[in-house]
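> Following is a predicted model, sequence given first.
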Amino acid sequence: MSYYKVLGLANEPFSTSPDPAFFYEARDHKAALYRLRIALRLKRGLSLILGDVGTGKTTLSRRLYQMLSKEPSCDFHILLNPVFKSEEEFLEKLMESFHIELPQKPISTVHYFDILEKNLFQRGVEEKKTIVLLIDEAQKLSKTSLEILRTLLNYETNEHKILQLVLMSQLELLPKISRLKNLWDRISLKYMLNPLGLEEMTELINFRLLQAGYNAKKPLFASEAMEEIHRHTQGYPRQVTLLCHNVLEKLVMENKEEVTRKIVQEMVLQEERILNASKEQEPVEDGGR
């Protein structure tokens with residue numbers, strides 16, 4: 001039996017998959033969603049959401065998709081892991097994402113852009129759709145791919161951009177994109193996601209437990225345990241989720257009813273030992289002798 005069922009839960013509360021049902025809207029996430037929806041509704045063009053690893057960018061993108069895909073006027077597409085070997089490969093992936101039939105090869109880059117422009121114009125102007133392309137892990141985009149996106153952002157009417165582009169990225173995208181002034185100047189929204197404070201992290205944990213079916217009167221996590229979790233994770237949602245998952249497994253294995261500071265500390269110490277052991281097993285370079 002899964003650990004969460006032993007605790008009387010219907011679902012796993014601390015899965016690391018980006019399930020929108022378990023998305024806790026912290027202040028930063030709520031503000032980012034609000035501003036994104038305005039930018040998309042006004043068809044401003046390019047929006048950039050930045051954040052360190054584990055701040056909730058991917059889950060935020062799924063929540064945005066969940067919200068907008070219900071709107072008939074929205075044509076929403078998500079592109080994951082945007083690593084491409086060539087300009088042609090990226091253009092073909094864009095056409096595939098927009099469900100455009102690929103032409104017979106060989107064709108020129110100009111021809112690819114002509115097909116994309118015609119299709120986007122038909123959907124965005126003639127059919128009056130809001131065409132959204134969200135790219136997750138956008139820090140992986142090459143300079144060539146960024147230049148292609150800049151070209152697509154040139155497609156516009158007198159009133160608005162035809163393509164609405166949302167980039168979800170780690171901070172390393174900044175130096176890449178800032179060197180492309182013609183692209184940097186097109187960013188209509190820049191927003192940074194930050195780690196959670198203790199209060200919001202506590203709310204996140206309790207929200208996930210509630211979503212998973214926890215309804216006991218007694219809190220599952222002691223307040224001191226919450227403080228210890230925040231001290232160790234610094235409020236990064238992904239780290240919080242991983243640690244809470246491991247802590248609850250330990251709780252069940254030890255047949256205890258409440259997560260205490262001691263349980264969290266023991267789990268953190270165990271993880272640190274494993275990490276240190278893995279470092280000791282790393283091969284040592286011989287200096288080229």
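Structure's in. What do you need?
> what about the host helix or strand of M201, distance to the chain center?
Assigning secondary structure by DSSP states H and E places M201 in helix 198-211. Relative to its chain's centre, helix 198-211 lies at 19 Å (Cα atoms, centre = their mean, to the nearest Å).
> could I get it in CSV with only the CA atoms?
Presented in CSV, the C-alpha positions along helix 198-211 are these (Å, rounded to 0.1, in the frame of the first residue of the first chain):
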residue,chain,number,x,y,z
LEU,A,198,7.8,30.4,5.6
GLU,A,199,4.1,31.4,5.7
GLU,A,200,3.5,30.7,2.0
MET,A,201,5.5,27.5,2.2
THR,A,202,3.3,26.3,5.1
GLU,A,203,0.2,27.2,3.1
LEU,A,204,1.6,25.3,0.1
ILE,A,205,2.1,22.1,2.2
ASN,A,206,-1.3,22.4,3.8
PHE,A,207,-3.0,23.1,0.4
ARG,A,208,-1.4,20.0,-1.1
LEU,A,209,-2.5,17.8,1.8
LEU,A,210,-6.1,19.2,1.5
GLN,A,211,-6.1,18.5,-2.2
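> Name the residues that touch it?
The contact list for helix 198-211 (Cβ atoms under 8 Å, 6 or more residues apart in numbering) reads 9, 11, 13-14, 21-22, 24, 26-27, 196, 219-221, 223, 226-227, 229-230, 233, 235, 237, 240-241, 244. C-beta here means a position set from N, CA and C on the backbone, and glycine is covered the same way.
> again with stretch 136-150
46, 48, 57-58, 61, 78-84, 86-87, 90-91, 94, 135, 165, 167-173, 176-177, 180, 182-183, 186.
> for stretch 174-182, same thing?
48, 50, 139, 141, 143, 146-147, 150, 183-184, 187.
> Show me the helices in this structure, by range?
3-6, 27-41, 57-68, 87-97, 109-121, 143-152, 173-178, 181-184, 198-211, 223-233, 237-253, 261-280 (DSSP state H).
> Any idea which of the ones you listed gets closest to E159?
Of all the helices of the chain, helix 27-41 sits nearest to E159, with 12.9 Å by Cβ to Cβ.
> Identify each buried residue in that closest one, please.
Judged by neighbour count (16 or more other Cβ atoms under 10 Å), helix 27-41 contains these buried residues: 28-29, 32-33, 35-36, 39-40.
> I'd like the distance from it to the chain centre, please.
What separates the centre of helix 27-41 from the centre of its chain is 14 Å, taken as Cα atoms, centre = their mean.
> tilt between it and helix 57-68?
Interaxial angle, helix 27-41 versus helix 57-68 (axes from the mean of the first three to the mean of the last three Cα atoms, to 10 degrees): 50 degrees.
> how far off helix 198-211 does helix 27-41 point, in degrees?
Using the same axes, to 10 degrees, the direction of helix 27-41 lies 80 degrees away from that of helix 198-211.
> and helix 27-41, what does it pack onto?
strand 46-51, helix 57-68, strand 130-135, strand 163-169, strand 187-193 (3 or more Cβ pairs under 8 Å, 6 or more residues apart in numbering; DSSP states H and E).
> quick one: low-confidence parts of the stretch 1-150 of the chain?
Within the stretch 1-150 of the chain, the ranges that satisfy pLDDT under 70 run 1.
> need the helices of the chain in a markdown table with distance to C74, can you?
Shown next, in a markdown table, are these (distance: least, Cβ to Cβ, whole Å):
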| stretch | distance to C74 |
| --- | --- |
| helix 3-6 | 35 |
| helix 27-41 | 8 |
| helix 57-68 | 5 |
| helix 87-97 | 15 |
| helix 109-121 | 14 |
| helix 143-152 | 18 |
| helix 173-178 | 25 |
| helix 181-184 | 24 |
| helix 198-211 | 26 |
| helix 223-233 | 35 |
| helix 237-253 | 26 |
| helix 261-280 | 42 |
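> K128: which of the ones you listed is closest?
Among the helices of the chain, the nearest to K128 by Cβ to Cβ is helix 109-121 (11.6 Å).
> ok and that closest one relative to strand 130-135, angle-wise?
Angle, helix 109-121 to strand 130-135, by the same axes, to 10 degrees: 130 degrees.
> Next, the buried residues of helix 109-121.
Buried-residue list, helix 109-121, by 16+ other Cβ under 10 Å: 112-113, 115-117, 119-120.
> name the helices or strands packed onto it?
Contact here means 3+ Cβ pairs under 8 Å, 6+ apart; on that basis helix 109-121 packs against helix 87-97, helix 143-152.
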